[in-house]
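Colleague: Build me a model from this:
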Amino acid sequence: STNGTLLNKSIYDFIKKHNVNFSLSLDGIPDIQNKYRTFKNPKKESFKIIIKNVEKIPLKERRNIGITSVITPLSCKNLVENFQFLRSLGFINLDFYPVFQYTWWKERDIHNFNQAMKKFSQYYCEIFLNGYSEKIFKIQVLDSLLRIGQFWDSNKMEKCQKLFVDPKGDLYPCEIILGM
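Modeller: From the prediction side, this is the model:
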């Protein structure tokens, strides 16, 4: 995995030649990317640098690169917009994770997350209804995120700042949500 800021043609050619799978940490639209993926110099925008580097990779070859995005209270409102943007860049292996450990989710954030997941579910279904048959998102993560939305109890979230993986590999905000 790489943040893509140092990715150049030489590095990409090496990765391709040696058949190395990798993913880029890219959270979506400029405002979201630059909010959380910062440099020491606050005037330097990670988004512009990463996009400039991504544009050096042929569009057809971007399909083989994974994108890892995080969901925060700020970014969840733009979830569909972020993924539409990433798809417009030619990426189809998109994976996303909510961040519980380093940020606090307030009642309103939880509501926004649940709304974003409903909207994203509709978006995801529309893609397939329109005949798109390629892999777009890692289904297990999407399913797990949908479960989080169903099990999310804001009264218990104060105590939850981590993810919990049950024995079947399903993802939940933490074991408190399941009453364990």
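Colleague: Just want to check the distance between residue 45 and residue 64.
Modeller: Between residue 45 and residue 64 the distance is 26 Å, computed by Cβ to Cβ, to the nearest Å. C-betas here are computed from N, CA, C, even on glycine.
Colleague: ok, now residue 97?
Modeller: 21 Å.
Colleague: swap in residue 99?
Modeller: Taking Cβ to Cβ as the measure, residue 99 falls 26 Å from residue 64.
Colleague: Residue 117 now?
Modeller: 28 Å.
Colleague: which of the two has more neighbours?
Modeller: residue 117 (22 against 15; other Cβ atoms under 10 Å).
Colleague: Show the contacting residues for residue 106.
Modeller: Residues counted as contacts of residue 106 (Cβ atoms under 8 Å, 6 or more residues apart in numbering) are residue 73.
Colleague: Let me see the ranges of the strands in the protein.
Modeller: Counting by DSSP state E, the chain has these strands, from start to end: 23-25, 66-71, 93-98, 164-165, 171-172.
Colleague: Which helix runs longest in the protein?
Modeller: helix 107-129 (DSSP state H).
Colleague: So for that one, what gets flagged as buried?
Modeller: 109, 110, 112, 113, 114, 116, 117, 120, 124, 127 (16 or more other Cβ atoms under 10 Å).
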